[in-house]
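**Student:** using only what follows, build the 3D model:
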Amino acid sequence: MIADRISVAELQELLAAHRPVTVLDVRSPADVDWEIPGAIQVDAYGDLQSGRLGRLAELNLPPGPVVTVCGVGRTAAIATHLLRANGVEALTLDGGMRSWSLAWNTTQTTISDCQVVQVRRTGKGCLSYIVESQSEAIVIDASVDPEVYVRLLSERGWRLVAVADTHIHADHLSRSRGLAHLEGAALLLPTQHRAQYPFRPVADGDRIVFGSTALVAMRTPGHTDESTTFLLDNTAAFTGDTLFLNSVGRPDLEGGTRQERTSRARLLHMSVSRLLQLPEATQVLPGHVSEAIPFDGRMLGTTVETIRDSVPLARLEEAAFVQAVLARIPPDPPNHLIIVQHNELGQFPVDPSELEAGANRCAVA
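**Tutor:** Model prediction:
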């Protein structure tokens, strides 16, 4: 911590250790489409711009540091100054929510004699996975700094043999190419002609062998034409953006006419139906969730049986499914056209936080 500021890494460490800290979000309600887990939301923007605490003065804050948050840190810095003048141990989150988009936490479980580490971008809801068998590991949908995976692998004594993406992402910059290069591992992408850099193509039914097991590729188009699910012994399905815990992927981010979007929605229905034919106990481990991810160590996953019972879209016949999905398309993810272009070219900006700031919007509920 420097004077009256705290870095994303420092706040992440406090939350992960469950240390006493209060996160105070002072953005206007219209700007709060993603958040820090457990944050107190107070609409104080107008008062703070006028140099007043306003509603912040009415808060009964618990002991311990108070971290103020806004979009990029400027309004939060005003709040920190005024709170400190009132004797509050206040700190401004350096870079605000834009920087927080890079924060992450993890949890780990055992599936089919394999260790599975879920790496979660706590603000954006992006989920990636390290899957291990006999100390050999594959990373799926890398979405945080490659050094994070290197450290997690090293701490466990695992060797990275491959990095795989389920599709060309539209809401975040893929770290898979950088991680594969850093560790000298194979880079695997579903067969397609979009990516303009070397990779090993993966087709429907291909086996990616590691340790004593393999991931099997299941082509699940609809969100994108190349979208692919990776199956682990039919006990876990890493579904990317095709099937989520309580929703399905959106079929419109590749653009095109309504007829083309309708065609992709039909493909999406076929893919979801195919996934729901897996055994009822199969774990569904998606590429995103739609809410901030707390530092609670709980695996974000569900079962095929649960989705069959609890996701109404998944039970619809094709015509009704297509109509419902196309009627519920959410706003586009921020900067998605630029992000897609970077991911197709294999480019990575020096500072990804500005491009990636904002909630992910890859699901239709």
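**Student:** use CA for all of it now, contacts and neighbours both
**Tutor:** Noted.
**Student:** list the buried ones in stretch 72-88?
**Tutor:** Of the residues in stretch 72-88, those buried by neighbour count under the rule 16 or more other C-alpha atoms under 10 Å are 72-83, 88.
**Student:** quick one: distance of it to the chain centre.
**Tutor:** A distance of 30 Å separates the centroid of the chain from that of stretch 72-88, by C-alpha atoms, centre = their mean, to the nearest Å.
**Student:** let's see that stretch as PDB, backbone CA atoms only.
**Tutor:** As requested, the backbone C-alpha atoms of stretch 72-88 are provided in PDB (Å, rounded to 0.1, in the frame of the first residue of the first chain):
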ATOM      1  CA  VAL A  72     -10.900   4.300 -12.800                       C
ATOM      2  CA  GLY A  73     -10.100   5.700  -9.300                       C
ATOM      3  CA  ARG A  74     -10.700   9.500  -9.600                       C
ATOM      4  CA  THR A  75     -14.000   9.800  -7.800                       C
ATOM      5  CA  ALA A  76     -13.000   7.200  -5.300                       C
ATOM      6  CA  ALA A  77      -9.900   9.300  -4.500                       C
ATOM      7  CA  ILE A  78     -12.200  12.200  -3.500                       C
ATOM      8  CA  ALA A  79     -14.100   9.800  -1.200                       C
ATOM      9  CA  THR A  80     -10.900   8.600   0.300                       C
ATOM     10  CA  HIS A  81      -9.700  12.100   1.000                       C
ATOM     11  CA  LEU A  82     -13.000  13.100   2.700                       C
ATOM     12  CA  LEU A  83     -13.300   9.900   4.700                       C
ATOM     13  CA  ARG A  84      -9.700  10.200   6.000                       C
ATOM     14  CA  ALA A  85     -10.500  13.700   7.100                       C
ATOM     15  CA  ASN A  86     -13.300  12.200   9.200                       C
ATOM     16  CA  GLY A  87     -10.900   9.700  10.800                       C
ATOM     17  CA  VAL A  88     -11.700   6.700   8.600                       C
END
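**Student:** what's the average pLDDT for stretch 253-269?
**Tutor:** When the per-residue pLDDT values of stretch 253-269 are averaged, the result is 92.
**Student:** stretch 125-138 now?
**Tutor:** Stretch 125-138 shows a mean pLDDT of 97.
**Student:** number of residues surrounding Ser28?
**Tutor:** Other residues within reach of Ser28 by the criterion other C-alpha atoms under 10 Å amount to 15.
**Student:** list the residues that contact it.
**Tutor:** Applying C-alpha atoms under 8 Å, 6 or more residues apart in numbering to Ser28 gives the contacts Val42, Asp43, Ala44, Tyr45.
**Student:** mind showing which ranges of the protein have poor pLDDT?
**Tutor:** With pLDDT under 70 as the threshold, the chain has low-confidence stretches at 1-2.
**Student:** ok, what's across the strand from the residue most central in space within it?
**Tutor:** The geometric centre of the chain, computed from its C-alpha atoms, lies nearest to Cys126 (C-alpha atoms, centre = their mean), at 0.5 Å. When bridges are called by DSSP bridges, Cys126 pairs up with His288.
**Student:** just checking, it touches Ser143?
**Tutor:** Yes: proximity of Cys126 to Ser143 meets the contact threshold set by C-alpha atoms under 8 Å, at 6.9 Å.
**Student:** now do the contacts for the residue nearest to the centre of the chain.
**Tutor:** By C-alpha under 8 Å, 6+ apart, Cys126 lies in contact with Arg120, Ser143, Gly287, His288, Val289, Asn360.
**Student:** residue boundaries of the helices in the chain?
**Tutor:** For the chain, applying DSSP state H gives helices covering 8-16, 45-49, 74-85, 96-100, 146-156, 176-183, 258-275, 304-310, 318-327, 336-345, 353-356.
**Student:** helices or strands next to the shortest one in the packing?
**Tutor:** When contacts are defined as 3 or more C-alpha pairs under 8 Å, 6 or more residues apart in numbering; DSSP states H and E, helix 353-356 packs onto helix 96-100.
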